[in-house]
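> generate a structure from the sequence data that follows.
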Amino acid sequence: MQQVLALARKEFRSYFDSPVAYVVITLFLLIAGWQFSTSLFLSNSPDLRTLFSIVRFILLFFIPAVSMRLISEEKRLGTIELLLTLPIKEWQLVLGKYLAAYLLIIITILLTLIHYITIASLGQPDLGATFGGYLGLILIVGVYLSIGIFTSSLSQNQIVAFIVAFVIIFALFLLDKVVMFFPGFLASVFEYLSIDYHFNNIARGVIDSRDIIYYLSLIFFFLFLTVQTLESRKWK
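Numbers count the residues shown, from 1 in each chain. Got it, this is the predicted structure:
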C-alpha cells in the first residue's frame, strides 16, 4: 500500500504543478454556481436538490474529461512501459492514479458546500438530505472515475477514451428513465442497474446498504477490468 500512496501523492501534486487542477476546479465551480444561483432565485426554495441535479449532470462530461489522460497519456508517451518495469504492480499503478484523481474531484465537489451556507442563511435545509446528497455524489464520482480510468487503459487516444467513457456513463445514467419501455422483469433489472436510481434513494437521507454495495461493486468491477487490461500487455 505504500507504493500506492506514494504514487497517488506524486500524481496529485502533478495536478497542481500545472494549470490542470486550477482550471478543473474553477470551471466546475463557475458552471455549478451560475446554474444553482439562477435556479435558486427562480424556485425560491431553500434546499440543495437543484445543486445535486446540476452537479450530477456536469459530472457526465467532467469526469470523462479528467480521467481520459490517466493511462492513455502514459501509453502515448511510452512511459507506461517504464512505470511497469519499476517495483510496482499493475493494481498499484491503477489504484494510485485513481485515488489521486478521486481526491481532486472530491475536493472540487466539497467546495460547493459554500452553497449550503447560502441556503442555511435563507432557511433550514434538511441536514439528512444534504448529507445523503453529498454521499451520493461521492459514490457516483467513484463509479464514473473507475469507468474513466478503464476506458483510458484501452487506448492511447484521449478522445477515444473520453467518448467511450461518456457513452458508458450516460447509458448507466439513463437506465431508470427508459424502464417504461420494457416489461416488468427487465424494467426492474434496468432500474437496479441505474446509477441515478440509487442516488435518488440516498439523496432522500435514507442510507441503504444495498445502494452502497451497488456503487462499491461497480467501482471494483471497472478497476478490476483496468488491471486486467494492463496485465494483458504481458501476453502481447
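> next one: Ile105 from Ser121, what distance?
For Ile105, the distance to Ser121 equals 27 Å [C-beta to C-beta, to the nearest Å]. Glycine gets a C-beta too; all of them are placed from N, C-alpha and C.
> out of these two, which sits in the busier spot?
Neighbour count, other C-beta atoms under 10 Å: between Ile105 and Ser121, Ile105 has more, with 23 against 8.
> just give the closest residue to that one, not the sequence neighbours.
Spatial nearest neighbour of Ile105, excluding adjacent residues (C-beta to C-beta, 6 or more residues apart in numbering): Val141 at 5.1 Å.
> looks like that neighbour contacts Ile107 (just checking).
No. In this structure Val141 lies outside contact range of Ile107 using C-beta atoms under 8 Å: 10.9 Å.
> neighbour-wise, which of the two wins?
Val141 (23 against 13).
> quick one, what contacts that one?
If a contact means C-beta atoms under 8 Å, 6 or more residues apart in numbering, then Val141 has 59, 63, 102, 105-106, 109 as its contacts.
> pull the most distant pair out of these.
Spanning the widest gap among these are Leu59 and Tyr102, at 12.6 Å by C-beta to C-beta.
> so after the helix or strand hosting Ala65, what's the next helix or strand?
Assigned by DSSP states H and E, Ala65 belongs to helix 49-67. With elements assigned by DSSP H and E, the helix or strand that comes after helix 49-67 is helix 72-77.
> quick one, phi psi at the residue nearest to the spatial centre of the chain?
Nearest to the mean C-alpha position of the chain, by C-alpha atoms, centre = their mean, lies Val141 at 2.2 Å. The phi and psi values for Val141, taken as degrees, to the nearest 10, are phi -60, psi -40.
> which elements pack onto the helix or strand of the chain with the lowest mean pLDDT?
Counting by mean pLDDT, DSSP states H and E, the chain has its least confident helix or strand at helix 79-85, which shows a mean of 73. Helix 79-85 sits against helix 90-110, with contacts defined as 3 or more C-beta pairs under 8 Å, 6 or more residues apart in numbering; DSSP states H and E.
> show me which residues of the helix it packs on are buried.
90-102, 104-106, 108-109 (16 or more other C-beta atoms under 10 Å).
> which other residues reach that helix?
3-12, 15, 21, 24-25, 28-29, 55, 62-63, 66-67, 70-71, 83-84, 134, 137-138, 141-142, 145-146, 148-149, 153, 223, 226-227, 230-231.
> out of those residues, which are buried?
For these, a neighbour count by 16+ other C-beta under 10 Å gives the buried set as 4, 7-8, 11-12, 15, 21, 24-25, 28-29, 55, 62-63, 66-67, 70-71, 83-84, 134, 137-138, 141-142, 145-146, 148-149, 153, 223, 226-227, 230.
> great, nothing more from me.
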